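> Mind looking at a prediction? Sequence and model below.
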Amino acid sequence: MINFILKKIFKNVSKKMLIDDLDSINKQKENKIIDVNTFNFDENDKNYNVNFYHLKNHSTINNNLIIDFHGGAWIYGDKDTNGLFCMELAKYNYLITSFTYPLIINNFTLIDIMRSTFKAINFILNMYNRYHFNKNNITLIGDSAGGHLLLLFLAINNSKELQSIYNVNHIDININSVILNHAAPFLLDLILLKKHKIINILAKRTFNIMMFGDNKKRNIIRNNSSLNQIIKYIDKNLKYLIITSDGDKVCKEQTTIMTSLFKKENIDFDFYIEKNDASYHVYNVLEPYLEISKKCNDYIINFINSNN
């Protein structure tokens, strides 16, 4: 009964996030300079699509490719969630992609999410024949839960052991840089309701069942999902940018732990922090037109360009 009630709460949170995003969706409709093309990447399900963003009337030949992993606490979001942000990056003549992945609120598990993610990335890379992007200059960027999925993708793609657990195959991809934007890489330590300890314990238990399933593989997946467990598989030679802000009440603590872990593992990274208290969680993605967002996103552009 408690699990049922908590799942209803997660559903209501998801609906609220959709309402909050309506303004962003309406602003995307005002776009006049970016082409947005949508393709289905899963022949078994028409709901799983990927958007390609690029400047209108501009060639995409040899453009940098940026693959965006949207956030949404694993319970919300799709290919359009980060549309304004993707359009902002596309203004700099990049080819940007963003894809829909399964959500645990719809009875999918982390294995389902990662299998779909591998399908999406395979599809994106196979679109080279249409867009002729630069195969040797690919950037991955993930915000919030998307940051976790990005890191998990890197780890799985480098590990035959993890590929076996998640039932996917290695992808030949030339990643040049990785951007972790207000990321949530320690999903087991995500505090959902800090002021209510008992409810929080129950919520985390329900969340874990939703995330990892309720079968024999559950513990194996759970033990190979958070950054502290999978960091040994991540390529230390990639260029990393970690972004956080003083106003992030959701993931700033996780970012602090992540930077410490990167240092411990001798993984070099660039670091950006916005000191303005108005810089809420993923502010630069949801409202890229704000001045503080422009400052952060300019830093992202410079980071990508400096690592070409």
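All right, it came through fine.
> next one: phi and psi at the nearest residue to Leu290 once chain neighbours are set aside?
The shortest distance from Leu290 to any residue other than its chain neighbours is 6.7 Å, reached at Tyr283 (CB to CB, 6 or more residues apart in numbering). (C-beta placed from N, C-alpha, C; glycine too.) Dihedral pair for Tyr283: phi -60, psi -40, per degrees, to the nearest 10.
> Which secondary structure state does Phe39 sit in?
Following DSSP: H, G, I helix; E, B strand; the rest coil, we place Phe39 in the strand state.
> all helices of the stretch 51-200 of the chain, in order?
83-90, 110-126, 128-131, 145-157, 160-166, 197-212 (DSSP state H, counting those that start in this stretch).
> what distance separates the first one from the centre of its chain?
Here helix 83-90 shows a centroid-to-chain-centroid distance of 14 Å under the convention CA atoms, centre = their mean, to the nearest Å.
> follow-up on the earlier one: out of the helices of the stretch 51-200 of the chain, flag the one nearest Phe69.
Among those, the nearest to Phe69 by CB to CB is helix 145-157 (3.4 Å).
> The residue nearest to Leu290: neighbour count?
20 (other CB atoms under 10 Å).
> Next, work out how far apart the nearest residue to Ile301 once chain neighbours are set aside and Phe118 are.
Leaving out its chain neighbours, the residue that sits closest to Ile301 by CB to CB, 6+ apart is Tyr92, at 5.6 Å. For Tyr92, the distance to Phe118 equals 28 Å [CB to CB, to the nearest Å].
> More neighbours: which of these two?
Phe118 (20 against 17).
> OK, contacts around the more buried one?
Each residue near Phe118 by CB atoms under 8 Å, 6 or more residues apart in numbering is listed here: Phe153, Ile156, Val168, Asn169, Ile171.
> What ranges does the protein have for its strands?
34-40, 49-55, 65-69, 95-99, 138-143, 175-181, 239-245, 270-274 (DSSP state E).
> Is it possible to get those out as a markdown table so that each row also shows mean pLDDT?
A markdown table is the format used below for these (pLDDT from 0 to 100):
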| stretch | mean pLDDT |
| --- | --- |
| strand 34-40 | 95 |
| strand 49-55 | 97 |
| strand 65-69 | 98 |
| strand 95-99 | 98 |
| strand 138-143 | 97 |
| strand 175-181 | 97 |
| strand 239-245 | 97 |
| strand 270-274 | 97 |
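> what's the neighbour count on Lys119?
20.
> that older thread, just the buried residues from the contacts of Phe118, in ChimeraX please.
Remark: buried members of the contacts of Phe118, expressed as a ChimeraX selection using 16 or more other CB atoms under 10 Å:
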select :153,156,168
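> Output the strands of the chain as TSV; include the columns distance to Phe207 and mean neighbour count.
Output for those, formatted as TSV (distance: least, CB to CB, whole Å; neighbours: other CB atoms under 10 Å):
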stretch	distance to Phe207	mean neighbour count
strand 34-40	30	15
strand 49-55	26	22
strand 65-69	19	27
strand 95-99	23	27
strand 138-143	19	26
strand 175-181	21	24
strand 239-245	23	22
strand 270-274	28	16
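> Just send those strands back as JSON lines, with distance to Thr255 too.
Formatted as JSON lines, the strands of the chain follow (distance: least, CB to CB, whole Å):
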{"stretch": "strand 34-40", "distance to Thr255": "30"}
{"stretch": "strand 49-55", "distance to Thr255": "27"}
{"stretch": "strand 65-69", "distance to Thr255": "16"}
{"stretch": "strand 95-99", "distance to Thr255": "22"}
{"stretch": "strand 138-143", "distance to Thr255": "12"}
{"stretch": "strand 175-181", "distance to Thr255": "8"}
{"stretch": "strand 239-245", "distance to Thr255": "4"}
{"stretch": "strand 270-274", "distance to Thr255": "9"}
